[in-house]
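Q: quick one: sequence plus predicted model below, questions after.
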Amino acid sequence: MWRGIEVVKNESDPKAPAHVELSEQLDDSVLMPGDVTIDVEYSSLNYKDGIALTGKPGIVREPRLIAGIDLVGVVSESTDDRYFAGQRVLVNGCGLSETHHGGYAERARVPGDWVVPVPASISNQHAAAIGTAGFTAMLSVLALERGGVTGDVLVTGAAGGVGSVAIALLSRLGFSVTASTGRAEEHDYLRQLGATTIIDRAELSVQPRALMKQRWNGAIDAVGGSTLASAIAATHYGGTVTACGNAQSSELQTSVMPFILRGVSLVGINSVFTPRALRLEAWSRLESDLDLSALEGTTSTIALSDTIAAGADIIAGRIRGRTVIDVRR
């Protein structure tokens, strides 16, 4: 028997909050089809997880599902020749906690195409600390590089998971980072990660003019809404802005002016359905470009039994950096 956090939807009222519980008596009969069975050691807490853990609709699409969009562990069985018993592996996204049982459990079974070997120099706990947030940050940096961005880059939602890892990556790669946050108490933390300039998120939270003074060559936005619109309106000619979240709003009220007068590119980042080749590239770059000592300063570890409460904290903006779930605790 093993444990897992289950989200149980109210089938009689789809708009009602789902029931979320820590189940203590699960067994392998609940596992879904797949080629690789994994003894899960760690998962992580992302904003998307917070939505599921607080019973809100929009993430879990099955009547009953184990939550957690990340998992890291060791292969126990595999019918896929690419993986072997005892191998350290991870999965980010790919439908975990949406249509397939996720990482908030001690066991998982997934299709082999979802699985990525944990890079040799990264521990399982560090891989969970990186998780979907860090993976998304790396995908965003790769998009900036493909756009030829150098110099000044804005990072919004800077004290969150994506923002924290993005700042650490960009700083190490030689970019100058402007960090946007509404948490004054986090300024020292952001400077330690490598931010060179810090602005209050209120500067970006008002609906901007079609074009604003050009301030940065690119941006990584994790909040959406007017913040994303402002980031686009203040990007230099030929710059690239990536969008990967909607914590502020899923609406985007902007104009074509930044795109047709300044040649700005807006690139969406989807970490769920990332092709395998790009997943492997991103994790290879995380191994080479992310300072793991910086990551440690942004990470806390909690037990599986504390995860449901932590979900409410991340939705309320009370979580700094990354939170690792030790599913064996």
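A: Yep, that arrived. Numbering: from 1, shown residues only.
Q: tally of neighbours for Thr79?
A: 10 (other CB atoms under 10 Å). (C-beta placed from N, C-alpha, C; glycine too.)
Q: and for Leu252?
A: Neighbours of Leu252 using other CB under 10 Å come to 14.
Q: before we move on, what SS does it have?
A: coil (DSSP: H, G, I helix; E, B strand; the rest coil).
Q: if I pick it, what's in contact with it?
A: 224-225, 228-229 (CB atoms under 8 Å, 6 or more residues apart in numbering).
Q: would a markdown table of those with secondary structure be doable?
A: What follows is these, written out as a markdown table (three-state DSSP):
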| residue | secondary structure |
| --- | --- |
| Gly224 | strand |
| Gly225 | helix |
| Leu228 | helix |
| Ala229 | helix |
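Q: compare these and tell me which is most surrounded.
A: Leu228 (28 neighbours).
Q: part of a helix, is Ser12?
A: No. The assignment for Ser12 is coil, going by three-state DSSP, so no helix is present there.
Q: okay, buried residues for whatever helix or strand Ala137 lives in please.
A: According to DSSP states H and E, Ala137 maps onto helix 124-146. Within helix 124-146, the residues scored as buried using 16 or more other CB atoms under 10 Å are 124, 126-144.
Q: circling back: from the contacts of Leu252, which single one is nearest Gly58?
A: Gly224 (14.1 Å; CB to CB).
Q: and that closest one, bridged to which residues?
A: Bridge pairing for Gly224 (DSSP bridges) gives the partners Ser249.
Q: may I ask you to confirm that it is in contact with Asn246?
A: Yes. Proximity of Gly224 to Asn246 meets the contact threshold set by CB atoms under 8 Å, at 3.8 Å.
Q: heading C-terminal from the helix holding Ala137, find the next helix or strand.
A: Heading C-terminal from helix 124-146, the first helix or strand you meet, by DSSP H and E, is strand 152-155.
Q: need the contact partners of that following strand.
A: 144, 163, 166-167, 170, 175-180, 195, 215-221, 231, 234.
Q: so for the helix or strand that comes right after that strand, what gets flagged as buried?
A: Scanning forward in sequence from strand 152-155 by DSSP H and E, the next helix or strand is helix 161-172. By neighbour count with 16+ other CB under 10 Å, helix 161-172 contains the buried residues 161-171.
Q: quick one, helices of the stretch 201-329 of the chain?
A: For the stretch 201-329 of the chain, the helices defined by DSSP state H, counting those that start in this stretch cover 225-233, 257-261, 276-289, 292-296, 307-315.
Q: how far off centre is the fourth one?
A: For helix 292-296, the distance from its own C-alpha centre to the chain's C-alpha centre is 17 Å (CA atoms, centre = their mean, to the nearest Å).
Q: by contact count, what packs against it?
A: helix 124-146, helix 161-172 (3 or more CB pairs under 8 Å, 6 or more residues apart in numbering; DSSP states H and E).
Q: mind redoing it with 7 Å?
A: helix 124-146 (3 or more CB pairs under 7 Å, 6 or more residues apart in numbering; DSSP states H and E).
Q: could you chop the protein up by domain?
A: Following automatic domain parsing, one finds the domains of the chain at 2-118+298-326, 132-268.
Q: need those in a markdown table with distance to Thr274 and mean pLDDT, can you?
A: Below are the domains of the chain laid out as a markdown table (distance: least, CB to CB, whole Å; pLDDT from 0 to 100):
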| stretch | distance to Thr274 | mean pLDDT |
| --- | --- | --- |
| domain 2-118+298-326 | 7 | 95 |
| domain 132-268 | 7 | 95 |
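Q: make JSON lines from those and add distance to Ser288 to it.
A: Shown next, in JSON lines, are the domains of the chain (distance: least, CB to CB, whole Å):
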{"stretch": "domain 2-118+298-326", "distance to Ser288": "14"}
{"stretch": "domain 132-268", "distance to Ser288": "10"}
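Q: Ile51 belongs to a helix?
A: Yes. Assessed with three-state DSSP, Ile51 lies in a helix.
Q: Met1 and Arg107, how far apart?
A: Distance of Met1 to Arg107, given as CB to CB, to the nearest Å: 10 Å.
Q: neighbour count winner among the two?
A: Arg107 (22 against 9).
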